[in-house]
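> No letters, just coordinates:
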């Protein structure tokens, strides 16, 4: 439908570390990467989503949050009112 083209589940890791400890405290770069992925979920991501994202205490929490958001985006992909959400300012984009 063209709305909310989220990337497939992607781990939030530093470029130099393909593998990361899910229990580690996320860096600002990891949080920013997670936020960028979430912002691509135009139907599921909201203004309060950013606050929730930055409250994640571990890399695993960040990964799980992004995966959950992307799953919600896939569920909402068939929703025909996406333009209404964007106009009302209820999405993360714009």
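Sure thing, it's come through. No experiment lies behind these values; they were computed from the predicted model shown.
> so for the biggest helix by length in the chain, what's the average pLDDT?
Looking across the chain with DSSP state H, the single longest helix is helix 59-76. Helix 59-76 shows a mean pLDDT of 92.
> buried stuff in that helix?
59, 60, 61, 62, 63, 65, 66, 69, 70, 72, 73, 76 (16 or more other C-beta atoms under 10 Å). Heads up, the C-betas are built off the backbone N, CA and C, glycines and all.
> which one among those residues gets closest to residue 31?
Nearest to residue 31, judged by C-beta to C-beta, of those is residue 62 at 6.9 Å.
> so that closest one makes contact with residue 31?
Yes. The criterion here is C-beta atoms under 8 Å, and residue 62 meets it with residue 31 at 6.9 Å.
> I'd like the buried residues of helix 59-76 laid out as CSV, including distance to residue 43.
Formatted as CSV, these follow (distance: C-beta to C-beta, whole Å):
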residue, distance to residue 43
59, 25
60, 25
61, 22
62, 20
63, 21
65, 16
66, 15
69, 10
70, 11
72, 8
73, 6
76, 4
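> Which of the helices and strands in the protein ranks last by mean pLDDT?
helix 82-87 (a mean of 66; mean pLDDT, DSSP states H and E).
> Helices of this protein, residue ranges please.
So, for the chain - with DSSP H - the helices run 28-39, 47-54, 59-76, 82-87.
> Residue 21 is nearest to which of those helices?
So among the helices of the chain, helix 59-76 is nearest, using C-beta to C-beta, at 6.7 Å.
> Understood, closing this out.
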